[in-house]
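1. need the 3D shape of this:
(4 chains)
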Number of protein chains: 2
Amino acid sequence: MLRRPTIDDVAGLAGVSIKTVSRVFNRAPNVRRETREKVFAAAETLHYQPNLSARQLASNRTFLVGLVYDDPDPETTNDYVTAIQSGSLLACRDYGYHLLINPVSVSSPKLIDELTALNRQVDGLIVLQPLSDVRAVNQFITENDVACVRLSQRPLSGYASISVADVEAADEMTEHLLSLGHRRIGFIMGHPEHGQSHDRMAGYRRALERNGVPFDPKLVAQGLFDYDSGYACARRLLSQGDLPTAIFASNDPMAMGVLSAAREMEFDVPGKLSVAGFDDSPLARHAYPSLTTVRQPIASIARLATEELMQRLQNGGSGDANHCLKAEVILRASTAAPSPQAGHASS
Amino acid sequence: MLRRPTIDDVAGLAGVSIKTVSRVFNRAPNVRRETREKVFAAAETLHYQPNLSARQLASNRTFLVGLVYDDPDPETTNDYVTAIQSGSLLACRDYGYHLLINPVSVSSPKLIDELTALNRQVDGLIVLQPLSDVRAVNQFITENDVACVRLSQRPLSGYASISVADVEAADEMTEHLLSLGHRRIGFIMGHPEHGQSHDRMAGYRRALERNGVPFDPKLVAQGLFDYDSGYACARRLLSQGDLPTAIFASNDPMAMGVLSAAREMEFDVPGKLSVAGFDDSPLARHAYPSLTTVRQPIASIARLATEELMQRLQNGGSGDANHCLKAEVILRASTAAPSPQAGHASS
DNA sequence: GCAACGATTGACAGCGCTGTCAATAAGAAA
DNA sequence: TTTCTTATTGACAGCGCTGTCAATCGTTGC
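-> Model (predicted):
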């Protein structure tokens, strides 16, 4: 195996100093065009690539970005995180950075220690929910002036954030169900510690109110953003009192649970019960019936988050821009007008 | 912001040389117990953590492992890759390594250049299928003596590999369908360039043969491991000749496509058509009806792959162990005995 | 003509640690 | 007693690059 070419080799072949080679590769100003071309030619001849470890150490930067998220159960994959990761990976590449994936546990007593260690190993962080809504995490960020961007509806002064207009999206979905004629619309709330759960609930309530439909607490159940809690909530909502003709679950796995409960309890979907989800994961697309849901602009979120972080890293600024992106209601086969006589599916 | 403590600070406080501190943190032999304790105490007092960039540069190692996989469509998440990633991430942590995620494109003309660059930035690679079955990639591995572990059924001399006993698993699934009484069993093949596609097919044929059921090429359709190709293959298999009473698809997304096609063509599942998948992704669990499928031991694969790579990295050996793990058939609601009179579902 | 400024390049210390080799003390064997 | 071996520790060059500062040349303004 050949020794890997270094900056000294390139400088020798190009007939310039190693500092000039460094300037060329770092796009520094004040290098003549012919000098730059000479250096690039030498580098190409030698198949030279800068040694990242050396760059890191000499510049006191790592060229790594840490994506940090809550991972309560490593055995379960989370489509939302995976999609954000995919988008961030590509965006980081465009800036010459690598993305490091860091699952943590919100309930771990070592959470702040882990974040501290991580922060030393990366130039900046992308913090996903629900982490970005945890007080201790935000305190860590401000006390250490951590270069980061947070995906959260809750701004933090001096730090950029990206969010989706969850109130508007949930309002629009609820409006859709109302326009179909539904007046008893069940709502399954997401995890109480996630900021977006409250926004989705707020949107649901706003649309009800705007349409003169009274809010009924009996139509609301508390889920945990997973299939099993969605299933349990649906079983409860479909078992008591004045039954809903539609159920809006705060994410797709919970909506899948609603579909299963409806089936077991012989509520035909969408004939007797309309079901809506949130996120537009593959689950939603491949479900039977295919799920009406809210699509988040994941690629835009990931790109914008990365760009905000790069702004901060490259300009040393204290960017505190807050971007709120619009989501889109996707109509599929799981929602329809309520049947003239609401009741159980007949076998 | 305080300056971060260095090895000099720890050496000063502990009253030893920096080399001794280095020995302690690298678990070198020949350090007295009380010396080691003194150093750890000083390090803890100072909240010292080794500077990874410096370690990388001084040792000519990066303490990074690259997970490299084919990603034809960055907009689509792949449950298998995500699960392997999750397991590898945890396993690497146990060895003090970080995992770098690297999607590439098998059809890109720059594939080998990208692998070359990546190989300079990590200490070793975990190569997933179908990459690990590409001749040019394996040539790159052997020509450069790349430290790696491949997930592949095809061994490469001098390099470790991990695989799942796909022949046996597919054999067992087909046996299950045969034991239910099915004799016309459709088979949807996976992507022709993935090694495991052929093994799954081989298992299917072996079980037929062992049970004296003649292989009928008209019962086989070529899919591409995705929902759409599964849907199209099912539509074809259910439209012509002597119809199958069961369809075994080589992965879960394709099996989901079979469910959709069956529904549209009014084949009740499992009453008139049994459907089986492979992989046991969340799709399988949450499908309606829930899918009978093959579960791969993903956590074991990831851990074993990482351990093999660590063996090679830490012992400089040329490990070439080949591990073949057993998969498990998971019975769910999508398979049942064929109805006494095979035919279309009634309304 | 002289001084000031800007463009361009180069020398080199040092980032924080590891690998290599030397030094020393203590114990065992001849 | 002398020599050899082992355990333990320390000195220091250097990994490949960047930041800082100096040097030099050419141009412009007075």
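
2. can you give me the distance of the one residue in the stretch 101-250 of chain A that gets nearest to DNA strand D to A:D70?
-> Residue of the stretch 101-250 of chain A nearest DNA strand D, by C-beta to the nearest atom of the strand: A:D123 (12.1 Å). Backbone N, C-alpha and C define where each C-beta goes, glycine included. From A:D123 across to A:D70, the span is 22 Å (C-beta to C-beta, to the nearest Å).

3. go on, A:S86?
-> In terms of C-beta to C-beta, A:S86 sits 18 Å off from A:D70.

4. got it, and A:C92?
-> 21 Å.

5. contacts only, for the closest residue to A:S152 other than its chain neighbours.
-> In this structure, A:S152 finds its nearest non-sequential neighbour in A:S132, 3.9 Å apart by C-beta to C-beta, 6 or more residues apart in numbering or on different chains. Residues in contact with A:S132 (C-beta atoms under 8 Å, 6 or more residues apart in numbering or on different chains) are A:N138, A:R150, A:L151, A:S152, A:R154, A:S161, A:G195.

6. now do the same for A:S132: its pLDDT.
-> If you check A:S132, the pLDDT there is 94.

7. mind listing the helices for chain A?
-> Ranges of helices in chain A, per DSSP state H, are A:7-14, A:18-25, A:33-46, A:52-59, A:79-94, A:111-121, A:135-143, A:166-179, A:195-210, A:227-237, A:252-264, A:282-286, A:298-315.

8. for B:N26, find the nearest of those helices.
-> Closest approach to B:N26 among the helices of chain A (C-beta to C-beta): helix A:52-59, 16.8 Å.

9. let me know the average pLDDT across the closest one.
-> The model assigns helix A:52-59 a mean pLDDT of 95.

10. in that helix, what counts as buried?
-> A:L52, A:S53, A:R55, A:Q56, A:L57 (16 or more other C-beta atoms under 10 Å in any protein chain shown).

11. and the residues you listed near DNA strand C, which?
-> Restricting the buried residues of helix A:52-59 to those touching DNA strand C (C-beta under 7 Å from any atom of the strand) yields A:L57.

12. so which of the buried residues of helix A:52-59 are also by chain B?
-> Residues of the buried residues of helix A:52-59 in contact with chain B (C-beta under 8 Å from any C-beta of the partner chain): A:L52, A:S53, A:Q56, A:L57.

13. just name the closest of those residues to DNA strand D, please.
-> Nearest to DNA strand D among those, counting by C-beta to the nearest atom of the strand, is A:L57 at 4.3 Å.

14. got the contact list for the closest one?
-> B:N51, B:S53, B:A54, B:Q56, B:L57.

15. got the CA coordinates for stretch A:145-162 in CSV?
-> Extracted in CSV, the C-alpha atoms of stretch A:145-162 (Å, rounded to 0.1, in the frame of the first residue of the first chain):
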residue,chain,number,x,y,z
ASP,A,145,-23.4,28.6,23.7
VAL,A,146,-23.7,25.4,21.7
ALA,A,147,-23.7,25.9,17.9
CYS,A,148,-26.9,24.3,17.0
VAL,A,149,-30.2,24.4,15.2
ARG,A,150,-33.3,23.0,16.9
LEU,A,151,-36.3,21.4,15.3
SER,A,152,-39.0,22.9,17.6
GLN,A,153,-42.0,25.1,17.7
ARG,A,154,-40.6,26.8,20.8
PRO,A,155,-38.0,29.4,19.9
LEU,A,156,-34.8,29.8,22.0
SER,A,157,-33.4,33.3,21.9
GLY,A,158,-30.1,33.4,20.0
TYR,A,159,-30.6,30.0,18.4
ALA,A,160,-32.2,29.1,15.1
SER,A,161,-35.1,26.8,14.9
ILE,A,162,-37.1,25.1,12.2
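
16. for it, give me every contacting residue.
-> By C-beta under 8 Å, 6+ apart, stretch A:145-162 touches A:84, A:119, A:123-129, A:132-133, A:138, A:140-142, A:163, A:166, A:195-196, A:199, A:301, A:304-306, A:308-309, A:311-313, A:318-325, B:1.

17. domains in chain A, by residue range?
-> A:7-50, A:64-164+A:298-326, A:166-295 (automatic domain parsing).

18. I'd like to know which of those domains is closest to B:A333.
-> Using C-beta to C-beta and comparing those, the one that lies nearest B:A333 is domain A:166-295, at 10.7 Å.

19. near chain B at all, the closest one?
-> Yes. Under the criterion of C-beta under 8 Å from any C-beta, chain B is reached by domain A:166-295 at A:Y227, A:P253, A:M256, A:L259, A:S260, A:R263, A:P282, A:L283, A:R285, A:H286, A:A287, A:Y288.

20. near DNA strand C, which residues of chain A?
-> Residues of chain A lying near DNA strand C (C-beta under 7 Å from any atom of the strand): A:15-20, A:23, A:29-32, A:35, A:57-58, A:60.

21. if any of the residues you listed are buried, give me the PyMOL selection for them.
-> Only the buried members of these enter the following PyMOL selection, criterion being 16+ other C-beta under 10 Å:
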select buried, chain A and resi 16+20+23+31+35+57
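
22. next, the buried residues of stretch A:239-258.
-> Under the neighbour-count criterion of 16+ other C-beta under 10 Å, stretch A:239-258 has A:243-258 buried.

23. closest one of the residues of chain A next to DNA strand C to B:M173?
-> Among the residues of chain A next to DNA strand C, and counting by C-beta to C-beta, the member closest to B:M173 is A:L57, at 53.1 Å.

24. for the closest residue to A:A147 other than its chain neighbours, give the beta-bridge partners.
-> Using C-beta to C-beta, 6+ apart and skipping residues adjacent in sequence, the residue nearest A:A147 is A:G124, 3.8 Å away. With DSSP bridges as the criterion, A:G124 is bridged to A:V65.

25. correct me if wrong: A:G124 contacts A:G66.
-> Yes. A:G124 sits in contact with A:G66 when judged by C-beta atoms under 8 Å, with a separation of 7.4 Å.

26. how near is the residue nearest to the spatial centre of chain A to DNA strand D?
-> Closest residue to the average C-alpha location of chain A: A:I84 at 5.0 Å, with C-alpha atoms, centre = their mean. Per C-beta to the nearest atom of the strand, to the nearest Å, A:I84 is found 29 Å from DNA strand D.

27. wait, that residue sits on A:L67?
-> Yes. The criterion here is C-beta under 8 Å, and A:I84 meets it with A:L67 at 7.3 Å.

28. where do the contact lists of those two overlap?
-> Common neighbours of A:I84 and A:L67 are listed as A:I126, A:L128 (criterion: C-beta under 8 Å, 6+ apart).

29. can you get me a residue count around A:A336?
-> By the measure other C-beta atoms under 10 Å in any protein chain shown, the count of residues near A:A336 is 18.

30. same thing with A:L178?
-> Other residues lying near A:L178 total 18 when counted by other C-beta under 10 Å.

31. I figured it hits A:A207, correct?
-> Yes. In this structure A:L178 lies within contact range of A:A207 using C-beta under 8 Å: 6.4 Å.

32. who are the contact partners of the residue nearest to A:T245 when sequence neighbours are not counted?
-> For A:T245, ignoring the flanking residues on the chain, the nearest one in space by C-beta to C-beta, 6+ apart is A:P338 at 4.0 Å. Taking C-beta under 8 Å, 6+ apart, we find A:P338 in contact with A:L180, A:G181, A:H182, A:T245, A:A246, A:S274.

33. again with A:L259
-> Neighbouring residues of A:L259 by C-beta under 8 Å, 6+ apart: A:V269, A:V275, A:A287, A:Y288, A:P289, A:L291, A:S334, B:Y288.
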